[in-house]
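S.K.: with the sequence up front, the predicted model follows.
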Amino acid sequence: EEEEEDDQCVTSTKSLLELNESRLWTFEPIGFVASPFLDRRGIPRQPSLCPNVLGSIHLYPHFNPTHTLRGMEEYSHIWVVFVFDRNTNLGKQMAMRKQQQQQQ
């Protein structure tokens, strides 16, 4: 009975993954992140290696940042949802995914 439950879980997880792969999502950027690092190879993997280096988030003016951020100073943290839109490994990832699909 326990194995049957595991099979159902795997099947439903696989179904969810297949469903998500078939969906397209469209995002409209509301801003960008600026950083002193100009190349990904210069960014340390461990943030503690350069604790004094700061980045900044810039919101586009048409989103009225003053109104949008009102009250934010009352919080200690924010969540930033982002997309790596300049991913230089995208071609490699797509080739690997195609190869994996062919092997199945």
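M.R.: Perfect, I can see it now. Numbers count the residues shown, from 1 in each chain.

S.K.: where does this structure dip in pLDDT?
M.R.: Counting by pLDDT under 70, the chain contains low-confidence residues at 1-24, 87-91, 93.

S.K.: show me where it has strands.
M.R.: 31-34, 56-59 (DSSP state E).

S.K.: just checking, residue 65 touches residue 59?
M.R.: Yes: using Cβ atoms under 8 Å, residue 65 is in contact with residue 59, at 4.1 Å. C-betas here are computed from N, CA, C, even on glycine.

S.K.: residue 86 - how many residues pack around it?
M.R.: Neighbours of residue 86 under the rule other Cβ atoms under 10 Å: 7.

S.K.: and residue 46, how many neighbours?
M.R.: Neighbours of residue 46 (other Cβ under 10 Å): 6.

S.K.: same question, residue 59
M.R.: A total of 15 residues lie near residue 59 under the criterion other Cβ under 10 Å.

S.K.: for it, give me its contacts.
M.R.: Residues near residue 59 by Cβ atoms under 8 Å, 6 or more residues apart in numbering: 30, 31, 65, 68, 69.

S.K.: just put the strands of the chain in a markdown table and tack on distance to residue 97.
M.R.: As requested, the strands of the chain are exported to a markdown table (distance: least, Cβ to Cβ, whole Å):
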| stretch | distance to residue 97 |
| --- | --- |
| strand 31-34 | 27 |
| strand 56-59 | 31 |
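
S.K.: out of those strands, nearest to residue 84?
M.R.: Distance to residue 84, taken as Cβ to Cβ, is lowest for strand 31-34 among these, at 10.6 Å.
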